[in-house]
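J.: Using only what follows, build the 3D model:
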Amino acid sequence: MSSFWTFVKTDWIFAIPMIVMSFTGITLIIWRILLNRGSLAEADRMLARLKETLPRDGIKTSLAACQAKDDQVSQTLFQAGVRGLAQGALGARKDLFHAMEFEILPSLNFLLPTMLAIAKIATMVGLLGTVISMIGTFNKIQEAKGGVSEQAGSIGLALYATALGLITAIPLVFAHVLFKAHIANMELRLKQVIQRFLDLVSGFKSPVKN
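T.: All right, here's what the predicted structure looks like:
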C-alpha cells in the first residue's frame, strides 16, 4: 500500500485524475441503477385502471390518473397514449411511439455515453502515465551505475498507472454492457405495453368525449 501512495505522490499528475475518474465512475453506476428502479412497474395496474376509466370518465380524468403515478416511464407512456386518443386510435399509436423514441429511450440511455467515455479515457491516461514513467525510468537506468536492480521499484511504480486505469475502466465497461442489455429488454417491454394499450383502445372509432 505504501508503494501506491508513493506512486500518487510522485506521479500525481496522472494519479489524481484517475482516482477522480474512478469515484466518478462508481457514482455514475449507482446513479444509473437508482434511475432504473421501478421502470414500467405500474404498467399492468395502469392498463387495468385505464380499461375502467377511459370508457366511463373519458380522456381528461384518465389523463389525470396517469399523471398521478410515480413510475416515470409508465407515466410518460400512458400520458402520450391517452392524449393521442383525441385523434383516435391512430393518433394514440403515433404519440405512443413518439414518446418511446424521443422521451423514454433517451432517458434510459442517460449517463451511458459518459460512463463509456470515462472508461476509455481512464485506460488511455493510465497507459500514457505508464509509458512516460517507463521512459523516465529507463533513462535513469542508462545513467545509473547500479543498473536495473536499483530501478526495479521505479518500474513497479510506473505500472500502477496502467493498473489504476484498468481498475477504473473494467467496472464501467461491464456496467455499460449490462445497462445496454437492460435498455434492449425495456424497449421490448415498452412495445408490448404499447400493443396492449392499442388493443385496449381499438374499439374507439372517434375521439372520446367526457
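J.: how many neighbours does the closest residue to Phe97 other than its chain neighbours have?
T.: Distances taken as Cβ to Cβ, 6 or more residues apart in numbering put Ile194 closest to Phe97, at 6.9 Å, once the chain neighbours are dropped. Every C-beta, even on glycine, is put in place using the N, C-alpha and C of the backbone. Neighbour count of Ile194, defined by other Cβ atoms under 10 Å: 20.
J.: show me what contacts Ile194?
T.: Counting by Cβ atoms under 8 Å, 6 or more residues apart in numbering, Ile194 touches 77, 81, 93, 96-97, 100.
J.: before we move on, which element is it in?
T.: Assigned by DSSP states H and E, Ile194 falls within helix 152-201.
J.: same question, Gly91
T.: Element membership of Gly91 [criterion: DSSP H and E] is helix 88-99.
J.: Determine the set of other helices and strands touching that helix.
T.: Applying 3 or more Cβ pairs under 8 Å, 6 or more residues apart in numbering; DSSP states H and E, one finds that helix 88-99 makes contact with helix 72-84, helix 152-201.
J.: And the most centrally placed residue in the chain, how close does it get to Phe179?
T.: Compute the mean C-alpha point of the chain, and by Cα atoms, centre = their mean the closest residue is Leu112, 3.8 Å away. Noted for Leu112: a distance of 6 Å to Phe179, by Cβ to Cβ, to the nearest Å.
J.: Ok, Glu52 next?
T.: 36 Å.
J.: before we move on, what about Leu111?
T.: In terms of Cβ to Cβ, Leu111 sits 8 Å off from Phe179.
J.: cool, Leu105 as well?
T.: Separation of Leu105 from Phe179 (Cβ to Cβ): 13 Å.
J.: Looking at these two, which has the bigger crowd around it?
T.: More crowded of Leu105 and Phe179, by other Cβ under 10 Å: Phe179, with 21 against 14.
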